[in-house]
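Participant: need a 3D model of the following:
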Amino acid sequence: MINFRIIARIFSLLLIAEGFFMLIAAAISFIYDEEVTRAFLNSALITLLSGLIVFTPAKNVEKITGKKEGYIIITGAWLIFSLFGTLPYLFSHTVRSFTDAFFESISGFTTTGATIFNDVEMLPHGILFWRSITQWIGAMGIIFISLYILPVFKSINIQLPAADFSGHQTGKIHPRIKDAAKRLIVIFALLTLTEAIMLSLSGVPLFDSVCLSFSTMSTSSFSTVNEGITAFAEPFSVLILTFFMFLAGTSMSYIYFGLKGDYSKVYKNNEFMFFTIICFVFSAFISFIFMKQGVTPGKSIVEGSFHAVSVITTTGLYINDGKIWSDLLLIIFFVLMLTGGTSGSPSGGLKMIRLLIVTKNSKQELSRLLHPYAYMPVKIDNKTISQTIVFNILVIISLYFLVICISALIISLMGSDLLTSFSTSLSMIANIGPSLGETGISTNFGGMPVPGKWFMSALMLLGRLELLTVMIFFTGSFYRK
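Facilitator: Numbers count the residues shown, from 1 in each chain. Okay, the predicted model is just below:
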């Protein structure tokens, strides 16, 4: 039987946390003397009261006996965050409908960064701050939830720094998972603060620096100005953003080991090195293409590296208008949109560990054609990956491409061209945000029909929760005892 007491308790804690962040946004709005302060206070009041109402005390000995609670908690957490996240938009009258408010809210919490706003510079500072911090909350969500779920429920199909669903195990940073999660949250917060300070020192206004830090550390792309990163495209600022996007695409556990001085656990980690090599190779390749197009070498390296890391980590920030890019660049970016960062990072996409395992397995399969009776297991960090895990990853990747194709077909029925349909489908599922077609870098999703916005909201949730976590609710076995 499903333990609804623990589910209600966790949901209540999430609502209380969200209400607290709304109060922070209210304080920002109050500092700028904006009328939307009342909207945030009302939103926070409703959210906090809702959290207190559903709060259910649980005994220390009370445990979860099945997996169903975990799927309900993980999926429900993002839905609840997104539903209550619409309140500031609605109460401040910055959006026209609940559909638009929900789209903007779930886009933030899933760290997608797709927007319905035509002119973000007309928005109050409080709303701009709320849009930005919803991304940061979503990125921190996996770690935050693990504070309360993992001590009683350790076999959940979600991304976690200690045990990713990909089957890859990283080193433990602390004997107790709860304490480890707290340390990861502190590191995540300190990196965000450090980036904000560095951006401010580079010449970016303080408010924009904070919001940009929320975006880059959450691998999302909400901006405070219509021109996006182009408005802050000084070389030093771009290099800072590139560096922190790379860190954001890396598991906080690797950063912890680096800060601790245990470098062997970083450079000997196959996934991290694979991620680093991919970023370096494509940064060099894209920089070379920019130089061939007549861009100066220095600018080519800075912008080429920025765009490569941005797409690989599924951040979705761009300096140049995509309409001037060559077909070769569009193809490269389309392929890189599939990748994602390391396991345990807020990046979307397939994740590097899966791509690494599939690459090694493909190599082994070729060798087995010549030596059919040889034992050639796939190994990551000198640990054998079972064939069951390899098979599961192949199923996930196949399902990933199937969902992209079906989604692209549905989007095309709404009147979009081929490039827009596929790139939009991929950008929603990979949680990138801006696509490469009509809904590209300099445009938004405000003109999409209402059914299209709800469909894309579902795709964002699917991508954030790794497909199977959501799709399991559509199986009959989930509802059987």
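
Participant: contacts and neighbour counts: CA atoms only from here.
Facilitator: OK.

Participant: how about the helices of the stretch 101-250 of the chain, start to end?
Facilitator: Assigned by DSSP state H, counting those that start in this stretch, the stretch 101-250 of the chain shows helices spanning 125-146, 177-201, 206-217, 235-248.

Participant: got TSV for these, with distance to residue 225, mean neighbour count and mean pLDDT too?
Facilitator: Below are these laid out as TSV (distance: least, Cα to Cα, whole Å; neighbours: other Cα atoms under 10 Å; pLDDT from 0 to 100):
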stretch	distance to residue 225	mean neighbour count	mean pLDDT
helix 125-146	9	25	86
helix 177-201	15	18	88
helix 206-217	9	25	95
helix 235-248	16	21	95
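
Participant: could you dump those helices to CSV with distance to residue 54?
Facilitator: Putting the helices of the stretch 101-250 of the chain into CSV (distance: least, Cα to Cα, whole Å) gives the following:
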stretch, distance to residue 54
helix 125-146, 17
helix 177-201, 23
helix 206-217, 30
helix 235-248, 34
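
Participant: residue 338: neighbour count?
Facilitator: The tally of other residues near residue 338 (other Cα atoms under 10 Å) stands at 24.

Participant: ignore the last one, residue 47
Facilitator: By other Cα under 10 Å, the burial measure for residue 47, its neighbour count, is 25.

Participant: excluding chain neighbours, what is closest to it?
Facilitator: residue 19 (5.3 Å; Cα to Cα, 6 or more residues apart in numbering).

Participant: and that neighbour, what helix or strand is that in?
Facilitator: Using DSSP states H and E, residue 19 sits in helix 4-31.

Participant: right, and the helix or strand after that helix?
Facilitator: helix 37-53.

Participant: flag every buried residue along that following helix.
Facilitator: 37-48, 50-52 (16 or more other Cα atoms under 10 Å).

Participant: next one: stretch 344-361
Facilitator: Quick answer for stretch 344-361 (16+ other Cα under 10 Å): 344-358, 361.

Participant: the inter-axis angle of the helix holding residue 19 versus helix 125-146?
Facilitator: 150 degrees (axes from the mean of the first three to the mean of the last three Cα atoms, to 10 degrees).

Participant: helix 4-31 - what's its average pLDDT?
Facilitator: The pLDDT scores in helix 4-31 average 91.

Participant: strands of the protein, residue ranges please.
Facilitator: In the chain, the strands defined using DSSP state E lie at 378-380, 383-385.

Participant: looking at those strands, which one is packed in the most?
Facilitator: strand 378-380 (a mean of 17; mean count of other Cα atoms under 10 Å).

Participant: where's that one relative to the chain centroid, distance-wise?
Facilitator: Computed by Cα atoms, centre = their mean, to the nearest Å, the chain-centroid distance of strand 378-380 equals 26 Å.

Participant: contacts made by that strand with the rest, please.
Facilitator: With contact meaning Cα atoms under 8 Å, 6 or more residues apart in numbering, strand 378-380 is reached by 168, 270, 357, 360-361, 364, 384-386.

Participant: want to throw those residues into JSON lines with pLDDT and distance to residue 461?
Facilitator: Formatted as JSON lines, the contacts of strand 378-380 follow (pLDDT from 0 to 100; distance: Cα to Cα, whole Å):
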{"residue": "168", "pLDDT": "47", "distance to residue 461": "23"}
{"residue": "270", "pLDDT": "91", "distance to residue 461": "29"}
{"residue": "357", "pLDDT": "91", "distance to residue 461": "25"}
{"residue": "360", "pLDDT": "91", "distance to residue 461": "30"}
{"residue": "361", "pLDDT": "89", "distance to residue 461": "29"}
{"residue": "364", "pLDDT": "87", "distance to residue 461": "34"}
{"residue": "384", "pLDDT": "85", "distance to residue 461": "32"}
{"residue": "385", "pLDDT": "86", "distance to residue 461": "29"}
{"residue": "386", "pLDDT": "85", "distance to residue 461": "29"}
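
Participant: so how far is residue 380 from the residue of the chain most remote from its centre?
Facilitator: Distance to the chain centre peaks in the chain at residue 373, reaching 42.1 Å (criterion: Cα atoms, centre = their mean). Distance, residue 373 to residue 380, by Cα to Cα, to the nearest Å: 22 Å.

Participant: just to revisit the earlier point, closest to residue 28 out of the contacts of strand 378-380?
Facilitator: residue 168 (40.8 Å; Cα to Cα).

Participant: show the backbone phi and psi for residue 97.
Facilitator: The phi/psi pair for residue 97 (degrees, to the nearest 10) reads phi -150, psi 170.

Participant: how close does the residue farthest from the centre of the chain sit to residue 364?
Facilitator: 12 Å.

Participant: so where's this structure uncertain?
Facilitator: Counting by pLDDT under 70, the chain contains low-confidence residues at 1, 57-66, 142-178, 321-324, 437-443, 481.

Participant: good, wrapping up.
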